[in-house]
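J.: could you work out the structure for the sequence below:
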Amino acid sequence: MCGRYALTATPDDILHFLSVIDIEDFPARFNIAPTQPILIVAAEDHHQLGRNLPTRRALLARWGFIPGWVKDVRSFPLLINARAETAQEKASFRGAMRHRRILVPASGFYEWRRPAKETGLPAQPYWIRPRKGGLVAFGGLMETYASADGSELDTAAILTTKANLAIAGIHDRMPVVIQPDDFSRWLDCKTQEPREVADLMQPAPDDFFEALPVSDLVNKVANMGPELQKPIILAEPQDPPPKATAQMSLF
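T.: Purely as a prediction, here's the structure:
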């Protein structure tokens, strides 16, 4: 899954990476948690010179997807992730997979490796970032929820897929990574049906990310500084990661 991530790039870096129309200034965020507002990028058509020109817009959405048919938000579970393998079939995500695919820019994400219970060891957090540095774009889904009082709230979820060999020793899931060459196809919900972008929801290449053990500061949402990403030396021996096995295609 993906339950915490960071976005520490400058607005100019994000503008260049995602080719969005405009973006407001914002501070670096080292510990983005569920229910908080997150930056997302969606496709938008602008009518110009008698034709529609596809563009991209950046906006904020609540990290916690709410389907339009929900009546009582308080009794509905928090949906921060959507499984890529089943999102097209699930009632919660089916409409968004067809009509409202988005990109979620990130500098990396956090994941916890949970040792066997008999070891008595706590979960070990890892800061997982692109090996070459820079930004990454997670595949996501968006829904604008209209409440009974007429107010609207943009909400979002991050798609996840089976972990690649580099991440599998920490967790069995990882965010879907959309490569820059595929941004337009992923965001094109007018001509690209879910089955036609299924090939984009594969695990990232095994050498794409690097995982660095970090302290448990990230466990608390109130901790928001760069010290969260400072690598540590593990003091306690960890369980050996499972043996790597070849992965088959999910589709």
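
J.: can you map out the strands along the stretch 1-150 of the chain?
T.: Counting by DSSP state E, counting those that start in this stretch, the stretch 1-150 of the chain has strands at residues 4-7, 29-32, 37-48, 51-63, 81-83, 101-106, 108-113, 124-130, 136-146.

J.: point out the most buried one among those.
T.: strand 101-106 (a mean of 26; mean count of other Cβ atoms under 10 Å). In short, each C-beta sits where N, CA and C put it, glycine included.

J.: compare the strands of the stretch 1-150 of the chain and report which one is nearest to Ala166.
T.: Distance to Ala166, taken as Cβ to Cβ, is lowest for strand 124-130 among the strands of the stretch 1-150 of the chain, at 8.8 Å.

J.: TSV for the strands of the stretch 1-150 of the chain, including distance to Thr191 and mean pLDDT?
T.: Shown next, in TSV, are the strands of the stretch 1-150 of the chain (distance: least, Cβ to Cβ, whole Å; pLDDT from 0 to 100):
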stretch	distance to Thr191	mean pLDDT
strand 4-7	29	98
strand 29-32	32	98
strand 37-48	11	81
strand 51-63	10	81
strand 81-83	22	98
strand 101-106	12	98
strand 108-113	30	98
strand 124-130	29	98
strand 136-146	17	97
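
J.: tabulate these (TSV), appending distance to Val214.
T.: Compiled in TSV, the strands of the stretch 1-150 of the chain are given as follows (distance: least, Cβ to Cβ, whole Å):
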stretch	distance to Val214
strand 4-7	11
strand 29-32	11
strand 37-48	21
strand 51-63	21
strand 81-83	21
strand 101-106	16
strand 108-113	8
strand 124-130	5
strand 136-146	18
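
J.: can you tell me which of these comes nearest to Lys162?
T.: When the strands of the stretch 1-150 of the chain are compared by Cβ to Cβ, strand 81-83 sits nearest Lys162, at 9.6 Å.

J.: which elements pack onto the closest one?
T.: Packing partners of strand 81-83 (3 or more Cβ pairs under 8 Å, 6 or more residues apart in numbering; DSSP states H and E): strand 152-162.

J.: if we use 10 Å, what do you get?
T.: Helices and strands touching strand 81-83, as assessed by 3 or more Cβ pairs under 10 Å, 6 or more residues apart in numbering; DSSP states H and E, comprise strand 136-146, strand 152-162, strand 173-175.
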